[in-house]
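>>> Sequence and predicted model, in that order:
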Amino acid sequence: MGQPLSMAAEVTNTSTVGLASISFVQRSLLRLLLNYKGWMFLDHGTKPSPLTKMWFLAVRALSGTQPSLYTYQGCLPSLPVPCLKETTRNFMLSVKPLLSNEEYNEMEEKMQKFMKNEGWKLQVRAMFTVSWLWEWWEKYVYLRGRSPIMVNSNYYILDGVAFTPTHLQAARAAALLHAADKFKFLIDWEKLDPIKLQKTIPWCMKQYERVFDTTRVPGKECDHIIHYDHDPQRYCAVSRKGVWYKLPMQVKGTNGKWRTALPHELEKQMSWIIMDSDANPAPEGQNAIAALTGWHRGRWAEAREEFFWDGINKISLETVEKAFMHIHLEDRSPSDLTNQAKMLIHGDGKSLWFDKSVTFIIFPNGKSGMMAEHSYADALTVGHMWEWVTTEERYKGGLYRDDGHCKGFDDSKYEQVELIKPQRLQWRVEAQLHKVINEAFLANKQLCDDLDLVVMTQDTWGKGFIKKKHISPDAFFQLAMQLAYRRDAGKRALTYEASVTRLFAQGRTETVRSLSIESAEFVDSMLDDSCPNAERVKKLMLAADKHTQLYKSAMVGKGVDRHLFGLYVASVGLGYDSDFLKAALKMPWTLSTSQTPQKQTEGRWNPEREDRHTVSAGGGFGPVADDGYGVSYMFPHDDAIYANISSKTSSSATSSARFRDNILRALADMKKILSDGDDKAKSK
């Protein structure tokens, strides 16, 4: 980071020196302890052994008190390179339910050949590569992709399902912007509390560095990420009706000193932007500049090089890219939750700047949500920010008055200063650029129209029931999707579930292969009318336990897919043509899934009790496979289950509404077989 972080270091110099004087031994011991991952595999409800208790106590003692955001970064172990034999064995187990006997034998033959020849050489290369996955993953999975990042990579997050703190668009935008700026302050000055599992084991927080002040820049063959140093004269890029504005976050107080703008001052600025853009909307061509960022990455790179290399276009482009974030003031309100989700993930295809790390979208009725670029950080990190920001709106009395305005709006009790109007950005769009922009917009519109998106809400029961049956809610929903897909398509699906590897330094995600031999057997039992419920329940429990073990293994660095991916990158670099790696990695993820956590902020709200009415339905993303589904689900509290389901309209094999109905049916059927067991026990 830039100068402000150096200033922060000077301010806390005494405490930093004190920590440094004990940090070498302390951090070395903590790093050694954190290599142990056996605690992860304790059965739920099982008391830890005396040795494990001592381990927890030692970790807590060495962790110190009042840690800063990055205190534990030097204590986290490196992501291990898994055992090659275990990876290939687990891969073969995961595809066994999917492949025919002939296909399985062919894959096994390729695997054996791989193990005897290039496999061990690639393994050695990975073992001697520092941070062997971080750079490879970001570059080859995200930045080298040439497809549009709109829908295909970027994702969205919704606000409260049944709660809107104000129906005034300008007030909502101002409050959210103010809260985001406060969260940015906590990151820049490292005052945000690091996340700890079980309030003890620290997670890697590196991804937070680039949540703000970050943009993705297109390249003809590979994009790159630019993260700008913190600027005290920071500003936000605001757009409405195709007009772009530079909104400063600093105002001059009545004492003549510059300070951070307050919510009521930002509300006035937002109101002026709404008025100005209504009176003078952007002319044709200029109103769709942002369409270029949702286009094919190579084409956007070419357009950027040709039309934005100098003059007013270069200045305006740099102004947008250097903004600490983007806010879009939409001029249409969503008709329902599903329509809101579509407006968040792609809008109209020409208004959202898809390259910005974070974009907040606020609607005329006060509803809101956000869209994020994916390469710099994972959804868990950005979701934490969004949860903090939306809880800040009502935290400790909140930011709004009863009439919906921000506190202090036209109130003489608050300081009222003369505001510098936001700067309206200018663009030079001549005939050739207009033609290119229109081509981008038409391509974007086709992609938008092809997204079949449905938000599922189930508000009668949830994880409360599931946990009483001693089943992981995540495993329960994954099994429901396996059953639902079998009914939907008449076959099994290779299934991707995202887990995190942030127990390690620079950890990002790993794949949980939810389709297993055990899950397939459970689904078969549910489709067998002759199978008794007791047998179905038994298979459900076995499959759920298997899934939980797979998830935990992924979290501790023993997954399959990142290892195979790393070996494939190494094989390309070393000139090996591996039939096994190519065959393994080209198998399509028909079901791409992820669970959205509800509560990552401590002490700010309680979604199980008094804040239950404010919960969000989570967020979502586009499908990975052309004939598959993308499903992001969450358990907002004990009595609800939400899911965001996507597919492609152009595919005759899929229907998001049909899959939603099949998921709801599967959930109900699984609940029924578990409830039937209770009813029989009570009747005896």
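Structure received.

>>> Geometric centre of this protein: which residue is closest?
Against the mean C-alpha coordinate of the chain, by CA atoms, centre = their mean, the closest residue is residue 379 at 1.2 Å.

>>> Show me what counts as buried in stretch 75-94.
Using 16 or more other CB atoms under 10 Å as the test for burial, stretch 75-94 gives 75-82, 84, 87-88, 90-92, 94. (Each C-beta comes from the backbone N, C-alpha and C, glycine too.)

>>> between these, which is nearest residue 210?
residue 76 (18.1 Å; CB to CB).

>>> is the residue nearest to that closest one when sequence neighbours are not counted in a bridge, and if so with what?
Computed as CB to CB, 6 or more residues apart in numbering, the closest residue to residue 76 that is not its neighbour in sequence is residue 505, at 4.1 Å. Taking DSSP bridges as the rule, residue 505 bridges to residue 78.

>>> helices or strands next to the helix or strand where residue 264 lies in the packing?
Assessed by DSSP states H and E, residue 264 sits inside helix 263-279. Counting contacts by 3 or more CB pairs under 8 Å, 6 or more residues apart in numbering; DSSP states H and E, helix 263-279 packs against helix 169-188, strand 235-240, strand 243-248, strand 326-329.

>>> And that helix, what's buried?
263-274, 276-277.

>>> Tell me the helices and strands packed up against the helix or strand following it.
Past helix 263-279, further along toward the C-terminus, the next helix or strand under DSSP H and E is helix 297-307. Applying 3+ CB pairs under 8 Å, 6+ apart, one finds that helix 297-307 contacts helix 431-449.

>>> what angle sits between the helix it packs on and helix 297-307?
If you take axes from the mean of the first three to the mean of the last three CA atoms, to 10 degrees, helix 431-449 sits at 160 degrees to helix 297-307.

>>> so the residue nearest to residue 611 when sequence neighbours are not counted, which of the three states?
Among residues not flanking residue 611 along the chain, residue 605 sits closest, at 4.3 Å (CB to CB, 6+ apart). Classification of residue 605 using DSSP: H, G, I helix; E, B strand; the rest coil returns coil.

>>> Distance of residue 605 relative to residue 50?
37 Å (CB to CB, to the nearest Å).

>>> So between those two, which is more surrounded?
residue 605 (20 against 8; other CB atoms under 10 Å).

>>> On the pLDDT front, check that one for me.
Looking at residue 605, its pLDDT reads 93.

>>> list the contacts for it?
391, 394-395, 599, 611, 614 (CB atoms under 8 Å, 6 or more residues apart in numbering).

>>> quick one: which of those is nearest residue 430?
The closest of these to residue 430 turns out to be residue 391 (CB to CB; 46.7 Å).

>>> pretty sure that closest one contacts residue 604?
Yes - counting by CB atoms under 8 Å, residue 604 is a contact partner of residue 391 at 4.4 Å.

>>> Give me the more crowded residue out of those two.
Neighbours were counted for residue 391 and for residue 604 using other CB under 10 Å; residue 391 has more, 19 against 16.

>>> pLDDT of stretch 276-284, averaged?
96.

>>> What of stretch 331-342?
In the prediction, stretch 331-342 has an average pLDDT of 97.

>>> Let's see the distance spanning it from one end to the other.
Start-to-end span of stretch 331-342 (CA to CA, to the nearest Å) is 15 Å.

>>> Begin at 708, not 1, for the rest of this chat.
Yes, from this point I'll number from 708; that puts the last item at stretch 1038-1049.

>>> Give the buried residues for that stretch.
1041, 1044-1045, 1047-1049.

>>> picking up where we left off before, from the chain's centre, how far out does the helix holding residue 971 sit?
30 Å (CA atoms, centre = their mean, to the nearest Å).

>>> Against residue 1314, how distant is residue 808?
For residue 808, the distance to residue 1314 - CB to CB - is 48 Å.

>>> Pick out whichever of those two has more residues nearby.
Using other CB under 10 Å as the criterion, residue 808 and residue 1314 rank with residue 1314 on top: 20 against 8.

>>> re earlier: most surrounded residue in the contacts of residue 1312?
Among these, residue 1321 has the most neighbours (other CB under 10 Å), with 21 neighbours.

>>> tell me the contacts of that one?
Applying CB under 8 Å, 6+ apart to residue 1321 gives the contacts 867, 870, 1097, 1101, 1312, 1314.

>>> which of the residues you listed lies closest to residue 1146?
For those, the nearest to residue 1146 is residue 1097 (37.2 Å; CB to CB).

>>> Show the pLDDT at the closest one.
In this model, residue 1097 is scored at 97, pLDDT.

>>> In contact with residue 1351: list those residues for me.
Counting by CB under 8 Å, 6+ apart, residue 1351 touches 1048, 1160-1163, 1324-1328, 1337-1340.

>>> So which of those residues are in strands?
Per DSSP state E, strands hold the following members of those: 1160-1163, 1326-1327, 1337-1340.

>>> so where do the helices sit in the stretch 808-957 of the chain?
808-823, 826-834, 841-843, 876-895 (DSSP state H, counting those that start in this stretch).

>>> can you tell me the average pLDDT over the first one?
This points to helix 808-823. 97.

>>> Where does pLDDT dip in the stretch 808-957 of the chain?
For the stretch 808-957 of the chain, residues meeting the criterion pLDDT under 70 lie at 836-839.

>>> quick one, the lengthiest helix in the chain and strand 1336-1341 angle?
Longest helix in the chain by number of residues (criterion: DSSP state H): helix 1363-1390. Going by the same axes, to 10 degrees, helix 1363-1390 is angled at 50 degrees with respect to strand 1336-1341.

>>> Check the contacts of residue 1321 and tell me the two furthest apart.
It's 1101 and 1314 that sit farthest apart of these, by CB to CB, at 12.7 Å.

>>> List phi and psi for the residue nearest to the centre of the chain.
phi -60, psi -30 (degrees, to the nearest 10).
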